[in-house]
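K.L.:
Sequence plus predicted model, see below.
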Amino acid sequence: MGNFFVNLALFYMMVSPAFAYRIGRKRVARMNMISLLLYIVSWGYVLGAGTSSEHPVSILWGILLFLNLLLAVMTSAMFLYDRRPTRSLLPIGARAIIFFLGSLLVTYNLDSHEVLGEKLLQASMMTVVLFVTSVIWIRLRQINRQPDM
């Protein structure tokens, strides 16, 4: 089940620039594309060179992973916010935090012997999957309720 969340989180990271382009946030989309490209290059280097976890490229890879996961959540929240711009972003952010805390609780209960960094990574990936999937589901429900023209 862990591989499912990892693969879907990586997929959402890859398509998150499309969310930003869709709502017209070209600057955010470009920043997301650049960080995604840097992530892929550093990932390839870490896998190819077999660097240790203290190597600067490995540290950069971890930072870029968390940054891209955060950008995936941000762009999907902006995608949802674009539909109703008069509402506050606070409830959307609160839901993302609730998803993260719930995911952290689940990962802690599954295996309490892991390192805190790995728990945060697993909880972040689970949060991205749950949050972005729920945003896509909500947006599809909104489109379904629109009258046909």
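P.N.:
Here it is on my side, so go on. Residues are numbered from 1 along each chain as shown.

K.L.:
Can you check which helix is longest in this protein?
P.N.:
helix 116-145 (DSSP state H).

K.L.:
now it, how far from the centre of its chain.
P.N.:
Between the centre of helix 116-145 and the centre of its chain there are 7 Å (CA atoms, centre = their mean, to the nearest Å).

K.L.:
Stretch 102-122 now?
P.N.:
That offset, for stretch 102-122, works out to 17 Å (CA atoms, centre = their mean).

K.L.:
List of residues touching that stretch?
P.N.:
2, 5, 62, 65-66, 123-124, 126-127, 130 (CB atoms under 8 Å, 6 or more residues apart in numbering). C-betas here are computed from N, CA, C, even on glycine.

K.L.:
Could you rerun that using 7 Å?
P.N.:
123, 126-127, 130 (CB atoms under 7 Å, 6 or more residues apart in numbering).

K.L.:
Only the buried residues of the longest helix of the chain, if you could.
P.N.:
119, 121-132, 135-136, 139 (16 or more other CB atoms under 10 Å).

K.L.:
Where do the helices of the chain begin and end?
P.N.:
Under DSSP H, the chain gives helices at 2-22, 26-49, 56-81, 90-110, 116-145.

K.L.:
Can I get the ones you listed in TSV including mean pLDDT?
P.N.:
Shown next, in TSV, are the helices of the chain (pLDDT from 0 to 100):
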stretch	mean pLDDT
helix 2-22	85
helix 26-49	88
helix 56-81	85
helix 90-110	81
helix 116-145	80
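
K.L.:
Please tell me I have it right and F99 contacts T127.
P.N.:
Yes: between F99 and T127 there is a contact at 4.7 Å, judged by CB atoms under 7 Å.

K.L.:
And the residue minimising distance to the centre of the chain, how far from W61?
P.N.:
The chain has L69 as the residue nearest its centroid, 3.1 Å off, counting by CA atoms, centre = their mean. Relative to W61, L69 is positioned 13 Å away (CB to CB, to the nearest Å).

K.L.:
next one: I98
P.N.:
28 Å.

K.L.:
Pick out whichever of those two has more residues nearby.
P.N.:
Counting neighbours by other CB atoms under 10 Å for I98 and for W61 shows that W61 has the greater number, 22 against 13.

K.L.:
Could you double-check that that one lies in contact with V46?
P.N.:
Yes: in this structure, W61 is within contact of V46 by CB under 7 Å, at 5.1 Å.
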